[in-house]
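Trainee: Just to be clear, the model below is a prediction. Sequence and coordinates:
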Amino acid sequence: MKKAIGKALRYLSYRARTELELKNYLDKKGVPQRDIEEIISELKNYGYINDDEYATQFINYQAFTKLKGPQKIKFELTKRGISRETMDSVFESLEIDFLEIAKKVTVKKKSTKTAQQLYGHLIRRGFYHNHAMYAIKALEKEEG
């Protein structure tokens, strides 16, 4: 058990992880299931695993640094095992203006793409239809 805790702490030392990521890692390392549950519970009590905090940091990084839209961020959080309720509450508390982020993306890509290509680019980055249309229309308005 001590060896498994050491593995878990070493895994967590590289970057923040979700409960699911740690569970999968320990399972892959051959740690018995009953030990995994106990280790995760103990690490949660010490605050080494906190899915709410992870989701907050992940959303801020993906929105403001990677300029991704809400759909893509939610998809990636789902893959990492964050529940829908946690995602929704974190998104609501952060109040991120995705329209402005979509505008930033269009300004950054305007010289290389047509309006139709910009729309596709925004949709692939996870922005909603209305975000993409708003950003493209705002860009067209600015250009005259």
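Mentor: Perfect, thanks for sending it. Treat the numbers as computed from the prediction; the structure is a model and nothing was measured.
Trainee: What is the end-to-end distance of stretch 107-122?
Mentor: Between the opening and closing residues of stretch 107-122 there is a gap of 12 Å (CA to CA, to the nearest Å).
Trainee: Now residue 17: which helix or strand?
Mentor: Per DSSP states H and E, residue 17 falls between elements, in no helix or strand.
Trainee: Any stretches of this protein with poor pLDDT?
Mentor: Applying pLDDT under 70 to the predicted model, the residue ranges of the chain that meet it are 144.
Trainee: Would you mind listing the buried residues in stretch 9-27?
Mentor: Using 16 or more other CB atoms under 10 Å as the test for burial, stretch 9-27 gives 12, 17, 18, 19, 21, 22, 23, 25, 26. For glycine as for every other residue, the C-beta is placed from the backbone atoms N, C-alpha and C.
Trainee: just stretch 124-134 next, same as before
Mentor: If you call a residue buried by 16+ other CB under 10 Å, then stretch 124-134 has these buried ones: 125, 126, 127, 128, 131, 132, 134.
Trainee: What is the nearest of those residues to residue 8?
Mentor: residue 126 (31.2 Å; CB to CB).
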